[in-house]
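J.: Task: produce atomic coordinates for the following.
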Amino acid sequence: FPVTICLFGGWHIGFAQNSSSDSNRLNYTIDASLAPNRIAVINQIMDEAIAMLDRPYRAGGKTPAGFDCSGFVSYCYLQGNDQKLPVSSREYINKGTPVDIADALPGDVIMFSGRRASQTLVGHVGIISEVSDDIYFIHSATSSGIRFDRMSSPYYQKRFIGIRRF
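T.: Next up is the predicted model:
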């Protein structure tokens, strides 16, 4: 049977039976067999991602001194879940499990084409941080380093390729 889990304070997930008027709480329904492990994984990965906010962008960067997009995602998964992910954004399309946009959860990896919207190759990745009226993600942007953006912004909406779960 489905279990409702909630994202508290924008980041932490725990079990809940009823929705609340707390505006910082977002509800998700997932398969109960995935819930306990998925909750712990999401919390650990998001803790790592949030700790890196405002760190600088660095081409080819894989450390807190500076990250490129795939370096940031792979660092968060390695530190938060001891899981090795690809170090190149192009490799993400062939890894993990494809997830329909309607089934996206925090902790999933979101993929975009690069700077040219017409490209069909993955050129940018981030970690989904919130699913509500929009999909929000944290990533390493070339212009400003580690930051949040939303999928519905015109720049990212045109470049969306897919979502993967690891």
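
J.: is the residue nearest the centre of the chain in a bridge, and if so with what?
T.: In the chain, the C-alpha closest to the average C-alpha coordinate belongs to residue 127, at a distance of 1.6 Å (CA atoms, centre = their mean). Per DSSP bridges, the residues bridged to residue 127 are residue 109, residue 138.

J.: same deal with residue 145?
T.: residue 141.

J.: Going forward, count from 24.
T.: With the count now opening at 24, the last piece we talked about shows up as residue 168.

J.: Isn't it up against residue 84?
T.: No: using CB atoms under 8 Å, residue 168 is not in contact with residue 84; the gap is 9.7 Å. Where you see a C-beta, it was placed from the backbone N, CA and C, and this is true even at glycine.

J.: Overlap of the contact sets of the two?
T.: Residues touching both residue 168 and residue 84 (CB atoms under 8 Å, 6 or more residues apart in numbering): residue 90.

J.: Is residue 148 in contact with residue 136, as I believe?
T.: No: Residue 148 lies out of contact with residue 136 (CB under 8 Å); the separation is 11.0 Å.

J.: Comparing those two, which shows the higher neighbour count?
T.: Remark: of residue 148 and residue 136, residue 148 carries more neighbours, 29 against 19, as counted by other CB atoms under 10 Å.

J.: Surely the more buried one is in a strand?
T.: Yes: judged by DSSP: H, G, I helix; E, B strand; the rest coil, residue 148 forms part of a strand.
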